[in-house]
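the sequence and its predicted three-dimensional model are supplied below.
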Amino acid sequence: MPPPPPPSYGTPPPPGGYATPPQYGAYPPGAAPGGWTGPPLAEWPQRALSALIDWFGPFLVAGIVSRISFVLGALLELAALAWALYNGYLQGQTGQSFGKKQAGTRLVSETNGQVIGGGLGVVRQIAHFVDGIICYLGFLLPLIDKKKQTIADKIMKTVVITA
């Protein structure tokens, strides 16, 4: 009787080639409304609360103070702008700005469910200009959109989820 063939190393690929494994932490595409299969999307009141803390609160205080003192108001407006950009960096790096932490929400990429990085977080903050340029209707878009995205979210391909 002849000796058995030597063992082969590895298994042959399945018919049709190798399947690509999903990225670590990635969400597979699915049939959920809007194609999102990750954690639940944040509701509009949660998003509004985080925006009040991140944007409107600091700028409102600066606006009120500028009525009393122009110089102090201008300094506070610069500080509010720096606060908004810092929060953009934070939500890009960690998924949560200060307001998002308070509201219990998190910003992630809609393609893989990961944070988008600090630089893209700042770009997303700047992209909110588009939400406001159309009479601020972009901020109301999550009320009717399947993925509950603002225009800035659509531009940056991000979603806001519950943390």
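Ah, there it is. Quick caveat, the model's predicted, so the values are computed rather than measured.

select the longest helix from this protein.
helix 70-94 (DSSP state H).

residues contacting the residue most central in space within the chain?
Centroid check for the chain by Cα atoms, centre = their mean gives residue 107 as the closest residue, at 2.9 Å. Residue 107 is in contact with 91-92, 95-97, 100, 115-116, 121, 124, 158-160, counting by Cβ atoms under 8 Å, 6 or more residues apart in numbering. (C-beta placed from N, C-alpha, C; glycine too.)

residues contacting the helix or strand of the chain with the lowest mean pLDDT, please?
Sorted by mean pLDDT, DSSP states H and E, the helices and strands of the chain end with helix 57-68, the least confident at a mean of 92. Helix 57-68 has contacts (Cβ under 8 Å, 6+ apart) with 72, 73, 74, 76, 77, 79, 80, 83, 84.

how about a cut-off of 6 Å?
The contact list for helix 57-68, computed with Cβ atoms under 6 Å, 6 or more residues apart in numbering, reads 72, 73, 76, 77, 80, 83.

likewise stretch 129-144?
Applying Cβ under 6 Å, 6+ apart, the external contacts of stretch 129-144 come out as 44, 148, 150, 151, 152.
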